[in-house]
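Chemist: Make a model of this:
(chains A and B)
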Amino acid sequence: MLQGWIQIAFTLLIVVVISPVLGSYIADVFLARPTILDAVLHPLERVILRWGGMNTPGPMSGWQYARAVLASNFAMLIVVYLILMLQGVLPFNPTERGTPSWHLALHTAISFVTNTNQQHYAGETTFSYFSQFAALGFTMFTSAATGIAVAIAFIRGLTGRPLGNFYSDMVQAITRILLPLSVVGAVVLMAAGVPETLAGPVVFPSLEDPSLSQAIARGPVAHFEIIKVLGENGGGFFSTNSAHPFENPNGWTNLIQLVAILSIPSSLIMTYGFFANNLRQAWLVYTIPLTILIGLLVITATGEYQGNPEVNALLGGQAPNLEGKEVRFGWAQSALYAVFTTASMCGAVNSMHDSFLPSGGFAMLFNMFLQIVFGGQGTGTAYLFAYLILAVFVTGLMVGRTPEFLGRKIEKREVVLASLLILLVHPIAILIPAGITLAFSTQLAGISNPGFHGLSQVIYEYASAAANNGSGFEGLDSTTLWWNLSTSVSLLAGRYIPIVALLLLADSLSHKQPVPLTAGTLRTDTGLFVGVTAGVILILGALTFFPALALGPIAEAFQIAGGG
Amino acid sequence: MSVDLSSKPPFRVPRRVPQGPRDTRRHTPKTDFRGLYPRAIKAAFLKLDPRVAVKHPVMFVVWLGTIITFLVTINPNLFGTIQADISQQRILNGTITFVLFFTVVFANFAEAIAEGRGKAQADSLRTTRSDTMARKVMADGSIQEVSSTDLRRGDHVKVIAGDMIPADGEVIQGIASVDESAITGESAPVLKQPGTDIMSSVMAGTRILSDELLLRITHDPGQGFIDRMIALVEGAARTKTPNEIALTVLLAVLTQVFLIVIATLSPIANYIANVLANTSGATVANEFRAGVSVAVLISLLVALIPTTIGGLLSAIGIAGMDRVAQFNVIATSGRAVEACGDVNTLVLDKTGTITLGNRLADELIPVNGHTVEEMANVCLAASVFDETPEGRSIVALAEKLGATLDFDRTMGKGVEFSARTRMSGTDVAGQEYRKGAVDSIKGFVRSRGGTVPDTLDAAYEHVSRRGGTPLAVCKGSDVYGIIHLKDIIKPGLRERFDQLRRMGVKTVMLTGDNRITASVIAQEAGVDDFIAEATPEDKIDVIRREQAEGKLVAMTGDGTNDAPALAQANVGLAMNSGTQAAKEAANMVDLDSDPTKLIDLVTIGKQLLITRGALTTFSVANDIAKYFAIIPTIFAAAGIGSLNIMGLKSAESAIVSALIYNALIIPALIPLALKGVRFRPLTADQLLRRNIFIYGLGGMITPFIAIKVIDILLPLP
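Modeler: Numbers count the residues shown, from 1 in each chain, chains lettered A, B, ... in the order given. Now for the predicted structure:
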């Protein structure tokens, strides 16, 4: 037991240590300060931008930035969709995969372009190598870079700077952050035994019955794997994702993945600190997601360690819940992975989330409802600060001034954007489709486990889509037309409405005349204010979903505890 | 040598509490609040008119919910057959309808009572506005009697002792004393004459006591100050302020969020009911289904949306205007009141605002070998006919030092001060006693054949360095010494500036004095900054400079040349005694002409915002308890009954208790909304800590206790 808790604490410690280092580097990159790779990358970036038709990338307004995000993402969506539909005639298809259904290809394309990677398919039996690395692998970089660019533009606006240029930011996010880290990470993963090959599956006589032959899927996995976790993508090369021994062979690769999952979202808070020149505030804000994360880890890991009371009763003793888990990871690393991946909107999995006890399901749903427990690549940090702005508005009045954040007044426009962004979109994108699905549960849902758990399954699927997480609770027959299209709507709404709102919010803040700090100004870099913000997050962000949680995981927990 | 004057100040100490708004001070004619409550109750029901109700989005949702629960009271099976005792359902739905209805009525009542108070105040002002006859001077010089309502801007009117001034105007001819007590409450009559900036404007509703005046009317009927004030306190001209709009948006979004939550809860609950039918049998499923009927879902919705602040928001705004009006200040808009809370810098004139208008003798410095006593005698002699406050203070000081007149007062003849001679004094028995500007006295002494000792200049400098105004005094050719005239800082101001500083408000003093004098007074008064030898242009410069740094600036002014600065400032408070131009440019006018009020206005503005924030926080924090009261009990059939940590009796009792709390908290908080959260001059962090503790933490805990108590008292199973 102790070993498990040490693993959990050690992993958290590494994340906390990395955050300021990586955060400082990201700040240097986007503040155009000299960085180590300048000599190589400056010319390269110039070539890329010139090739893209931009000789001198000028600053963009909020709308221009948002339009650039939408236009580029839409273009990528078309390309990815076409590659998936045409994979039968495209090269690198040793397993001879044919054309998937149009709605599966559409859902997959949307899911990958939105940095979600919700997969309603099994990778090794659906897509060719080319589809995997050219279509899906490509979007893993670009969608992550889109998130980072939006976060940087948001931070710039928040700290009173011009928002910057989307294309230039996106290119730099790839060349200076995602690509270098991925190259190193992929090599390490290869050294640990993750395959990277274009050769087809290995076919050999089955050990059990030599008359039968057995195929073992492989492919260009290692490079795919690292960006999957680093970019909060989460889409596995294989159906079983990071539970597959070729994706995640041992404890060390698991540790690398865990750290990679949280590193960029957590570092971006520190990047804000460097932009605002207020590391104290950054650390204080950092404690909000960190505390919630630790709380949810404790809830999940305790539940998994104690095991299922009904199973324990049969065993006549206590045993950790290992259903749906890889024995090489055990309860602790599985719980860690499940909480990290839902906290950060990565969505990769190394165990079956459906098999977690209700406490784990509660924690995972809670993560995806809040979206700020470090949150998605870039967007998580932006949401966190949007909550801060909302907290400033509600509580800031209590000091007797028009509320202001970093010296910029929070007025109607900011309140509209922030409340739309973090209060309204998420419930709409989760609860409305879930309500429709449940209203017609026999026709639409395909729930494998009717009961409170079935409710969790449905809510989870839409929460995962709307939060752009992508992990599956599984247990749903989710490859149907209804699921593909309805989750696509949640994917798009959960991704682009907030991004546009964030950029407009940043734009509007950056144009405000800063008000000088006085004793009458509400300081936002105090423990008190951060505590108030945490309260606002829990009340406004989580209470909305309290009825769903009560009837899903909470009711299930009582049911199991009651032996029913 | 200095003399302690503080024991018995020779000036009138302003009636002011040294801190906080002076709620007690009320110059306006006593407002008649009789019939306020019956009228407000009637208005509360009239406001149920959907065309009015729709203006408050949160309460309108409650109103619509009431109608639906009413329908399911008549027919509980309206939205699908409920497998439960119909009469029981009817009783529950009827109870819910009743409580919801009163939630809306209470919210309307809150607004009505705030409006009613404003109206009562307006009515008392309106009594001064009764229609009077006016003597209009026609173009040919003839006089025609017309009704005051027929007067137009630019008309000339003659008023004679005993007349009511028919409309706001400007004196163009004549000198007369006017009783303004009906408007300002100040009983002493005010002298009005043309030309002088300050004294030339008159207000409708005041009465001329002596002589006669020729007036030029400056406002069309219904446009004058009193009319504007009436319109504002009545709430008729009230538009939502920017901050109020932003808050309304947030409340509307929260309402929409909970609408979605409740709307989708219906299919979710239905799904669970089907599950229960399979696992626990039809009885449990039916019980569960009946537990989440339409009326219950609406109850949950109403409990969750921010009805407390939604119901009190407009009352808070109206009460804010009302508080300003009680202060005898006319604000042209709620926006101006709100801006007061945001002010970063106060630009204050020294004279009249920081110091009393007059300087007082503080010390006598004899020269030429004279003693203090000798000098005091000369000072007394030179000032005995001087009726200015300065002169009287010199007399008081001299007498205190034991001086006596060595001549019969009736024998003497006063010499008036003039701008040319810059001195005044007394001629008696061939002796010329003089006091005045040091240079003038020097010239006078030399002209009488005397000499000026070097010690005079030393004394002059001594006084200047300490921020005083030196006056030289002589008898004929003999210089006796220097009188130290000192600016007297208004009592309590230093503490108030300290408070302002703690609240983050900077004070800048403007004065025509030289740098040395200004710096001494600035230090004594405790202002943060000062501009010496200031011209009216400096005023606008200093405002622009502060605004360029993003600060909000408030200032007071009265003269015509203050008008541009008043217009430039974010909050411009004009004195009612000031010129029309100044009043037109300002966004507030102080009827008492007390510039120090600016400080009170800052606290009123802050109080308004704090009240709004505190009640919003309270309202939102309430949701936790309401959730924990309702959700576990209505879903008890799903096995989560043990989450009912409050131990409420039943789902019915929990819902009705939560709704009763929800309804009663509105009238319970009306006094707070109207009076405003008590303001304390603390830093932002201290204020936040305090208010979060009271309204945030209090908002979480209060409903837990209150709902539990109501649950115990309710005669429900």
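Chemist: now the spatially most central residue of chain A, what's its secondary structure?
Modeler: By CA atoms, centre = their mean, chain A has its centre lying nearest to A:M345, at 1.8 Å. Recorded secondary structure, A:M345: coil (DSSP: H, G, I helix; E, B strand; the rest coil).
Chemist: Dihedrals phi and psi, it?
Modeler: phi 60, psi 30 (degrees, to the nearest 10).
Chemist: count of neighbours near B:G443?
Modeler: Using other CB atoms under 10 Å in any protein chain shown, B:G443 is surrounded by 16 other residues. For glycine as for every other residue, the C-beta is placed from the backbone atoms N, C-alpha and C.
Chemist: Now B:N377: closest residue in space, sequence neighbours ignored.
Modeler: Nearest non-adjacent residue to B:N377, counting by CB to CB, 6 or more residues apart in numbering or on different chains: B:A403, 4.7 Å away.
Chemist: does that neighbour really touch B:C379, like I thought?
Modeler: Yes. B:A403 is within contact range of B:C379, at 6.9 Å (criterion: CB atoms under 8 Å).
Chemist: And the helices in the stretch 1-150 of chain B, which stretches?
Modeler: B:36-46, B:50-53, B:57-74, B:86-126 (DSSP state H, counting those that start in this stretch).
Chemist: For chain A, find the nearest of those.
Modeler: helix B:57-74 (13.5 Å; CB to the nearest CB).
Chemist: Could you check how far that closest one is from the centre of its chain?
Modeler: Here the centre of helix B:57-74 is set off from its chain's centre by 38 Å, with CA atoms, centre = their mean, to the nearest Å.
Chemist: which parts of it are buried?
Modeler: B:57-66, B:68-73 (16 or more other CB atoms under 10 Å in any protein chain shown).
Chemist: and it with helix B:86-126, angle?
Modeler: Helix B:57-74 and helix B:86-126 are oriented at 140 degrees to each other (axes from the mean of the first three to the mean of the last three CA atoms, to 10 degrees).
Chemist: for helix B:57-74, packing partners?
Modeler: helix B:50-53, helix B:86-126, helix B:242-279, helix B:294-304, helix B:307-326 (3 or more CB pairs under 8 Å, 6 or more residues apart in numbering or on different chains; DSSP states H and E).
Chemist: could I get it in PDB with only the CA atoms?
Modeler: The C-alpha coordinates for helix B:57-74 follow below in PDB (Å, rounded to 0.1, in the frame of the first residue of the first chain):
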ATOM      1  CA  PRO B  57     -35.400  38.000 -15.700                       C
ATOM      2  CA  VAL B  58     -34.700  35.900 -12.600                       C
ATOM      3  CA  MET B  59     -38.000  36.800 -10.900                       C
ATOM      4  CA  PHE B  60     -39.900  36.400 -14.200                       C
ATOM      5  CA  VAL B  61     -38.800  32.700 -14.300                       C
ATOM      6  CA  VAL B  62     -40.200  32.300 -10.800                       C
ATOM      7  CA  TRP B  63     -43.400  34.000 -11.900                       C
ATOM      8  CA  LEU B  64     -43.800  31.600 -14.900                       C
ATOM      9  CA  GLY B  65     -43.000  28.700 -12.600                       C
ATOM     10  CA  THR B  66     -45.800  29.800 -10.300                       C
ATOM     11  CA  ILE B  67     -48.300  29.700 -13.100                       C
ATOM     12  CA  ILE B  68     -47.200  26.100 -14.100                       C
ATOM     13  CA  THR B  69     -47.400  24.900 -10.500                       C
ATOM     14  CA  PHE B  70     -50.800  26.500 -10.300                       C
ATOM     15  CA  LEU B  71     -51.900  24.500 -13.300                       C
ATOM     16  CA  VAL B  72     -50.600  21.200 -11.800                       C
ATOM     17  CA  THR B  73     -52.400  22.100  -8.600                       C
ATOM     18  CA  ILE B  74     -55.700  22.100 -10.600                       C
END
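Chemist: tell me the average confidence for that helix?
Modeler: Taken as a whole, helix B:57-74 has a mean pLDDT of 94.
Chemist: Buried deepest among the helices of the stretch 1-150 of chain B, which one?
Modeler: Highest mean neighbour count of the helices of the stretch 1-150 of chain B: helix B:86-126, a mean of 22 (counted as mean count of other CB atoms under 10 Å in any protein chain shown).
Chemist: Which neighbouring elements make contact with it?
Modeler: helix B:36-46, helix B:57-74, helix B:225-234, helix B:294-304, helix B:307-326, helix B:651-675.
Chemist: For those helices, which has the smallest mean pLDDT value?
Modeler: Between the helices and strands packed on helix B:86-126, the one with the least mean pLDDT is helix B:225-234; it has a mean of 66.
Chemist: circling back to that earlier point, okay if I get the helices of the stretch 1-150 of chain B as TSV plus distance to A:A391?
Modeler: Output for the helices of the stretch 1-150 of chain B, formatted as TSV (distance: least, CB to CB, whole Å):
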stretch	distance to A:A391
helix B:36-46	34
helix B:50-53	31
helix B:57-74	20
helix B:86-126	26
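Chemist: closest to A:K512 out of those?
Modeler: helix B:57-74 (27.1 Å; CB to CB).
Chemist: what residues does the closest one touch?
Modeler: With contact meaning CB atoms under 8 Å, 6 or more residues apart in numbering or on different chains, helix B:57-74 is reached by B:48, B:50, B:53-54, B:78-79, B:89-90, B:93-94, B:96-97, B:100-101, B:103-104, B:107-108, B:248, B:251-252, B:255, B:259, B:293-295, B:298-299, B:301-302, B:305-307, B:309-311.
Chemist: repeat for stretch B:253-262
Modeler: Here stretch B:253-262 has contacts from A:416, A:419-420, A:423-424, A:427-428, A:431-432, A:540, A:544-545, A:547, B:57-58, B:61, B:297-298, B:300-301, B:304-306, B:310, B:620, using CB under 8 Å, 6+ apart.
Chemist: Mind doing that once more with 6 Å?
Modeler: Residues outside stretch B:253-262 that contact it (CB atoms under 6 Å, 6 or more residues apart in numbering or on different chains): A:419, A:423-424, A:427, A:431, A:544, B:58, B:61, B:297, B:300-301, B:304-306.
Chemist: just stretch A:73-83 next, same as before
Modeler: A:105, A:109, A:113, A:131, A:134-135, A:139, A:142.
Chemist: Now whichever residue of the stretch 51-200 of chain A sits closest to chain B: closest residue in space, sequence neighbours ignored.
Modeler: Nearest to chain B, among the residues of the stretch 51-200 of chain A, is A:G160, at 11.1 Å (CB to the nearest CB). Closest residue to A:G160 apart from its sequence neighbours, by CB to CB, 6+ apart: A:S510 at 5.7 Å.
Chemist: now the one you found: how far from chain B?
Modeler: Using CB to the nearest CB, to the nearest Å, we find A:S510 at a distance of 14 Å from chain B.
Chemist: what does A:L268 give?
Modeler: From A:L268 to chain B the distance is 26 Å (CB to the nearest CB).
Chemist: Nearest residue to that residue in space, please, no chain neighbours.
Modeler: A:T381 (4.1 Å).
Chemist: all strands for the stretch 601-717 of chain B, in order.
Modeler: Assigned by DSSP state E, counting those that start in this stretch, the strands in the stretch 601-717 of chain B number zero.
Chemist: Which residues of it lie near chain A?
Modeler: Neighbours of chain A within the stretch 601-717 of chain B, by CB under 6 Å from any CB of the partner chain: B:606, B:609-610, B:612-614, B:616, B:623, B:627, B:631, B:638-640, B:683-685, B:687-689, B:691-692.
Chemist: repeat for the stretch 201-350 of chain B
Modeler: Contact residues (CB under 6 Å from any CB) of the stretch 201-350 of chain B with chain A: B:243, B:245-246, B:249-250, B:253, B:257, B:260-261, B:264-265, B:267-268, B:271-272, B:275, B:341-342.
Chemist: if you set the cut-off to 8 Å instead, what comes out?
Modeler: By CB under 8 Å from any CB of the partner chain, the residues of the stretch 201-350 of chain B that approach chain A are B:242-243, B:245-247, B:249-250, B:253-254, B:256-258, B:260-261, B:263-272, B:274-275, B:278-279, B:304, B:338, B:341-342, B:344.
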